[in-house]
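Student: What would the 3D arrangement of this be:
(one chain, ligands or ions: 1)
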Amino acid sequence: MKLTDKQKEILGQGGHLLVTGGPGSGKTTISILKAAQIAEKDLRPGQKILFLSFARATVSRVVETIEYEQNIPSEQKLRIEVETYHSFFWRILKAHGYLTGLPRRLSILSPSAEAIALSGIRLQHGTRGLSDEQKKAKSAAENIERERLARVEGRVCFDLYATLVGDLLHGSERIRKLIATMHPVVILDEFQDTNDAQWRVVQALGKCSTLLALADPEQRIYDWLGASPERLDHFRDSFKPSEVDLSSDNHRSAGTDIALFGNHILTGKFQTTPYAGVKVEQYNPNINQAFSRLVTTAYQARNRLVSAGRKDWSLAILVPTKEMTRMASDALRAPPAGLTAVPHAAVIEMDAAILSAEIIALLLEPDNDGRHFEQFIALATNYYQGKGGDDPTIAALDEAAKIAKAYEEYVACRVTGKALRKNSILVAMRAVYDAARKQALTGVPDQDWQAVRRILEGGACKRLQEIADQVRNIRVLDRGVELRQELSQDWRDNGSYLNALTITRQAFVREHFSTNAKPETGVVVMNMHKAKGKQFDEVIIFEGWPIRRKGQPPFNSHRIVRYNTRENVNDQARQNLRVSVTRGKRHTTILTPRGDPCVLLQSASRARPFGIGL
Ligand SMILES: Nc1ncnc2c1ncn2[C@@H]1O[C@H](COP(=O)(O)OP(=O)(O)OP(=O)(O)O)[C@@H](O)[C@H]1O
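Tutor: The predicted model follows:
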């Protein structure tokens, strides 16, 4: 790799540094090379450079870059510690949190456990159609409960990490110095997306460590989580960094107009000639033709990559919503019109899947204290309370309440010796539960897990069928060899899966913190937000279409811009689409419905034909 002059300039700078530049301009790459240079020249034994990133995906890409960069000797690579903000913050809290009044023993409150813990408050305050006042009151009540869970029970949710670490670092020079001794240089990836609490931590870190911030203000996609357009100025004001702007470079999709097209999305002004490497296509807006088009577009992209002889090629299908991820994945698995299925992986929201996995794990466990069924019901209730993550539906919360109430009735019947109402939802649940408990286990985790899952899937309880379906999507036992091995070990030690639930829960927490997830290869479907920081050989962006309804306005969800209306066009929507488009290295295709194409791709003046064909 031949470094550009600007990249070389970065290698020559000392002190705090701010590197800006668009997608694929080489910010991450040069920061790793700079880190290697510092590791070689300036670090004392035991010291490491800390590379902080938001997502595990970015972390794995960075690690891959380091691996790929053969020029970096392995002893230098080992001295670059790549970590997510979450895992770095947790490391500090576990060691020093008690100094801010937290209990000495802390545990992680995972997002699904947090959703369960807050479900009562959310049900009380309502989930849809709230006024701004009501939203504020709800969020204040949630925050009080989060604080209580942390300070009283020692269960700390991710959202509190940065605030607590900020308090800790601002309150203790000793700890700041300790961190600076371990990490004299800290690299901050995607700095434009830092929220206020994280910025407070960065301010404290920068008092003793040297900071290198990497940023593209136009890739800011987390305004709704508190990222601020002024963040780069905050950094400039606080640290007076040297600054290098790489914005004129594009290495990711060199030889194409993908980056240029991305910039034009920001301004809404498109060129009249075609963009090399970009295609915008319109499909006929009905379910069969929409998904057929998606499938055939995926075939074409795959063929291009295979015939170009790409090894480990990657093709991402990016969609605007969670639900569309699932719909697109279903369409690829069982395409319409007799088309051949497209093998792929889908990156789905994990809350529902994790909570269902807990239920299967419990069903593998023996009944240790005569309360197994009670625990089973508690987990089923948890599933409905937590499956929507931090945005649950009232229907799901009601379902949880229904199960809990039916269980109370069930217990009352047992006490009084009366038969349970025939139409109680517990009838089918108990029958399927009993069938699962009768399953003879073999000690081979894969077989046993599948056997229990199939009983739920084939049973007469639609709630448990849903749970079985959720867990199928994540192929639990393929998610890391440890889980399978630990279940096996449990069986060998105890002659049963005595600790299956604990083992499964720990595996998911470990996965959240793990940094060795490999970048995706093959075809992968995901929400557009999740593509940040990643890169793929080809990208297909697929959005939904308006569905006409008799006597009502069309149902137009799953769009890149909400309802695809001009009023909903804003910087966030533009930046979000630009990030997705610029993940492609060789080719990006956008599939949008005929008759109502994405508003971001229509120019304000429609008089001229555009290079994107709309
Ligand atoms: N000087 C260079 N010459 C050739 N290729 C380069 C150069 N610098 C970086 N690259 C390659 O370009 C691609 C994009 O680089 P990198 O990931 O560092 O960009 P980035 O600015 O961090 O992107 P983003 O902000 O979109 O995540 C990578 O595949 C990297 O290996």
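Student: From here on, just use CA atoms for contacts and neighbour counts.
Tutor: OK.
Student: How far off centre is the helix or strand of the chain with the lowest mean pLDDT?
Tutor: Between all helices and strands in the chain, the lowest mean by mean pLDDT, DSSP states H and E belongs to helix 56-68, at a mean of 72. From the chain centre to the centre of helix 56-68 is a distance of 16 Å (Cα atoms, centre = their mean, to the nearest Å).
Student: That helix near the ligand anywhere?
Tutor: No. On the criterion Cα under 6 Å from any ligand atom, helix 56-68 is out of touch with the ligand, staying 6.5 Å away.
Student: need the next SSE after that helix, C-terminal direction.
Tutor: helix 74-77 (DSSP states H and E).
Student: which secondary structure elements does that next one contact?
Tutor: Packing contacts for helix 74-77, counted by 3 or more Cα pairs under 8 Å, 6 or more residues apart in numbering; DSSP states H and E, involve helix 27-41.
Student: Show me what the helix it packs on packs onto, helices and strands only.
Tutor: Helix 27-41 packs on helix 5-12, helix 56-68, helix 74-77, strand 80-84, strand 210-215, going by 3+ Cα pairs under 8 Å, 6+ apart.
Student: Could you check the angle the last one makes with helix 27-41?
Tutor: Using axes from the mean of the first three to the mean of the last three Cα atoms, to 10 degrees, one finds that strand 210-215 and helix 27-41 are set 160 degrees apart in direction.
Student: need the next SSE after strand 210-215, C-terminal direction.
Tutor: Going down the chain from strand 210-215, the next helix or strand is helix 231-239, by DSSP H and E.
Student: would you put the C-alpha positions of that next one in CSV?
Tutor: Taking C-alpha atoms only, helix 231-239 is exported to CSV below (Å, rounded to 0.1, in the frame of the first residue of the first chain):
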residue,chain,number,x,y,z
ARG,A,231,-18.6,17.5,18.7
LEU,A,232,-15.6,18.1,16.5
ASP,A,233,-15.5,21.7,17.7
HIS,A,234,-15.6,20.5,21.3
PHE,A,235,-12.5,18.4,20.6
ARG,A,236,-10.8,21.3,18.8
ASP,A,237,-11.5,23.7,21.7
SER,A,238,-10.5,21.3,24.5
PHE,A,239,-7.4,19.7,23.0
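Student: what comes into contact with it?
Tutor: Helix 231-239 is contacted from outside by 16, 191-192, 194, 203, 206, 215, 217, 241, using Cα atoms under 8 Å, 6 or more residues apart in numbering.
Student: now that helix against strand 210-215, angle please.
Tutor: Going by the same axes, to 10 degrees, helix 231-239 makes 160 degrees with strand 210-215.
Student: The next helix or strand after helix 231-239 pairs with which strands?
Tutor: Sequence-wise, the next helix or strand downstream of helix 231-239 (DSSP H and E) is strand 242-245. Take DSSP bridges as the rule and strand 242-245 pairs in its sheet with strand 17-20 (parallel).
Student: Quickly check: the partner strand near the ligand or not.
Tutor: No. Counting by Cα under 6 Å from any ligand atom, the ligand has no neighbours in strand 17-20; the shortest distance is 8.1 Å.
Student: residues in contact with that strand?
Tutor: Strand 17-20 is contacted from outside by 27, 211-217, 241-247, using Cα under 8 Å, 6+ apart.
Student: try stretch 432-445
Tutor: 363-364, 448, 451-452, 455-456, 459-461, 484, 487-488, 491-492, 495-497.
Student: Can I get the buried ones among the residues you listed as something I can paste into PyMOL?
Tutor: The buried subset of those, as determined by 16 or more other Cα atoms under 10 Å, is captured in PyMOL by this line:
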select buried, resi 363+364+448+451+452+455+456+459+461+484+487+488+491+496+497
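Student: That'll do, ta.
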